[in-house]
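Engineer: Structure here, sequence nowhere to be found:
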């Protein structure tokens with residue numbers, strides 16, 4: 001294991017969309033384990049916007065789980081606005097929060113891993129590199145169109161396609177036969 005000090009910065013909505021495009025779900029416990037094996041993981045940040053006036057949102061269980069299992073979760077309430085065609089829209093950009101946290105942590109890390117394809121982060125990546133920090137960007141070019149902005153990919157020291165990480169961080173989806181076997185073992189009906 002390397003002694004490099006690593007921090008993860010996860011643009012939650014972007015990573016979710018990228019994984020969905022590639023046809024899998026992220027197992028955040030496995031993701032944490034994978035990067036703990038690559039060096040000294042100082043922080044793992046997860047950024048997401050939440051709809052404040054809703055008592056329950058589908059992301060709430062994930063946020064709670066992450067918060068209790070080694071992630072620093074950063075949320076912000078979405079803003080509601082009416083677009084040019086009169087439709088109600090929600091906006092919840094977390095770019096500034098992510099950039100500020102990365103800059104504050106810069107003096108304490110050797111590498112940051114940015115899970116996002118958003119080209120707005122190119123300037124942040126460049127600023128981190130000026131401080132001597134290696135930047136790995138995780139997104140995908142395997143989709144049509146690619147989920148990563150070309151300028152961000154070019155700026156990164158290392159680009160890792162999320163599809164390459166899939167065997168290491170994908171959530172295992174139990175097959176029906178595995179569920180039956182587990183059920184049988186729980187009842188003591190299996191011969192192994």
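Structural biologist: Yep, that arrived. Keep in mind that what you see is a predicted model, and the values were worked out from it rather than measured.
Engineer: which residues of the protein fall in strands?
Structural biologist: Counting by DSSP state E, the segments of the chain that form strands are 5-11, 40-50, 72-77, 79-82, 88-91, 111-115, 134-139, 158-161.
Engineer: Can you add distance to residue 22 and mean neighbour count and give the ones you listed back as TSV?
Structural biologist: For every residue, glycine as well, the C-beta is placed using N, CA and C. Below are the strands of the chain laid out as TSV (distance: least, C-beta to C-beta, whole Å; neighbours: other C-beta atoms under 10 Å):
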stretch	distance to residue 22	mean neighbour count
strand 5-11	16	23
strand 40-50	19	20
strand 72-77	23	16
strand 79-82	29	11
strand 88-91	25	10
strand 111-115	13	24
strand 134-139	10	23
strand 158-161	9	16
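Engineer: Would you reformat these as a markdown table and include distance to residue 18 and mean pLDDT?
Structural biologist: Putting the strands of the chain into a markdown table (distance: least, C-beta to C-beta, whole Å; pLDDT from 0 to 100) gives the following:
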| stretch | distance to residue 18 | mean pLDDT |
| --- | --- | --- |
| strand 5-11 | 9 | 97 |
| strand 40-50 | 14 | 94 |
| strand 72-77 | 19 | 91 |
| strand 79-82 | 24 | 78 |
| strand 88-91 | 20 | 72 |
| strand 111-115 | 8 | 98 |
| strand 134-139 | 6 | 98 |
| strand 158-161 | 10 | 98 |
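Engineer: closest one to residue 126 among the ones you listed?
Structural biologist: With C-beta to C-beta, the closest approach to residue 126 among these belongs to strand 134-139: 8.8 Å.
Engineer: now for the closest one, which elements pack on it?
Structural biologist: Helices and strands touching strand 134-139, as assessed by 3 or more C-beta pairs under 8 Å, 6 or more residues apart in numbering; DSSP states H and E, comprise helix 12-22, strand 111-115, helix 122-130, helix 150-155, strand 158-161, helix 162-169.
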